[in-house]
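# Provided below are the primary sequence and the corresponding predicted coordinates.
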Amino acid sequence: MRTRITRIMSPERPMRSERLRRLAVRVALALLPGATLGAQGGAPVARDTAAHGAHDMAWTRETFVLSEMLEHDAAASERPVLFDIVGWTGGARRRLWFKIDGAAPTVGGGAHGEVQLLYGQMISPWWDAQIGVRSDLARVGRRTVTRTGAVLGVQGLAPGWFEVEPSLFVTSRGRVSLNLTASYDLFVTQRLVLQPRLESSAALQDDTEFGVGRGLSESAFGLRARYEIRREFAPYAGIVWERAYGRSARLVRSGGGEVGETRLVMGLRLWY
């Protein structure tokens with residue numbers, strides 16, 4: 001064994017050792033789970049384009065905007081357009097984030113949404129800690145209600161390449177709620193991507209103006225299939241299951257709404 005090692009490491013075969021080294025690097029890059037070869041030019045594209053896709057790049061400042069969801073529910077009575085937009089500007093370690101999430105009906109009223117403005121600090125190569133303010137708005141008939149408060153959370157990649165975003169929201173009236181968003185991109189092909197996505201929330205106090213009861217409030221699970229014509233432009237179709245629980249479900253029933261529903265959606269995923 002000693003003789004064999006000496007022969008391999010000897011300077012008589014430098015070309016073969018160099019070829020083996022290059023082959024090992026190529027195999028490692030091909031098996032790396034955090035990247036997928038792009039359709040254009042074979043360049044690696046990170047799974048996590050929203051939060052950490054550029055943490056390993058040598059730049060000083062950058063701006064990124066992702067419309068994770070921009071979809072239409074044609075079967076609902078108000079035929080709403082639903083949206084979930086996230087963006088940041090800054091460097092690899094410190095960023096200013098904004099997040100916009102909600103629904104705008106195309107028929108009638110009932111709009112609702114939330115806006116967040118956050119400061120983000122990288123705490124590991126794959127995780128950002130975030131702190132800032134959040135403002136919610138809901139329109140019920142001719143009445144509009146709002147609430148504002150502080151939000152604290154983290155965002156990043158959990159083991160298994162799951163994109164996870166837990167947060168804690170404390171309103172100006174001292175009402176506390178917890179929110180969790182988790183998703184995963186399963187690359188069926190280099191262009192066809194299947195994305196399961198879970199959104200869930202819980203509250204420590206009732207907030208009847210927003211239809212939120214104490215305890216587990218609601219959850220939504222979506223399964224969307226998108227086709228990436230370009231990485232920046234991907235139409236998709238999917239199905240979403242939503243349900244309210246406990247005291248929140250009772251508030252929905254008292255308002256004449258449905259506790260659970262299933263929606264078929266079509267939309268676009270865009271980023272810049």
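Alright, I've got the coordinates. Numbers count the residues shown, from 1 in each chain.
# what are the ranges of the helices in the stretch 1-150 of the chain?
2-9, 14-31 (DSSP state H, counting those that start in this stretch).
# Count the residues that sit near residue 66.
As a burial measure, residue 66 scores 19 neighbours (other C-beta atoms under 10 Å). (Each C-beta comes from the backbone N, C-alpha and C, glycine too.)
# Backbone dihedrals for residue 252, please?
The phi/psi pair for residue 252 (degrees, to the nearest 10) reads phi -70, psi -40.
# go on, residue 228?
Dihedral angles of residue 228 (phi, psi; degrees, to the nearest 10) stand at phi -90, psi 90.
# go on, the one 5 residues further on?
Recorded main-chain torsions at residue 233 are phi -140, psi 110, according to degrees, to the nearest 10.
# wait, it sits on residue 268?
Yes: contact criterion C-beta atoms under 8 Å: residue 233 and residue 268 qualify, at 7.2 Å.
# How much space separates residue 227 from residue 183?
Separation of residue 227 from residue 183 (C-beta to C-beta, to the nearest Å) stands at 17 Å.
# same check, this time on residue 171
26 Å.
# Over to residue 143?
For residue 143 relative to residue 183 (C-beta to C-beta), the value is 33 Å.
# When these two are compared, which one has more neighbours?
Per other C-beta under 10 Å, whichever of residue 143 and residue 183 has more neighbours is residue 183, with 17 against 9.
# if I pick the nearest residue to the more buried one once chain neighbours are set aside, what's in contact with it?
Closest residue in space to residue 183, ignoring its immediate chain neighbours: residue 197 at 4.1 Å, by C-beta to C-beta, 6 or more residues apart in numbering. Residue 197 sits next to 181-183, 221-224 when contact means C-beta atoms under 8 Å, 6 or more residues apart in numbering.
# With residue 146 instead?
Residues counted as contacts of residue 146 (C-beta under 8 Å, 6+ apart) are 135-138.
# Let's see that with 10 Å instead.
Residue 146 is in contact with 135-139, 209-210, counting by C-beta atoms under 10 Å, 6 or more residues apart in numbering.
# Then residue 266?
Shown in contact with residue 266 (C-beta under 10 Å, 6+ apart): 71-74, 224, 235-238.
# Now do the SS call for it.
Here residue 266 takes the strand state, with states given by DSSP: H, G, I helix; E, B strand; the rest coil.
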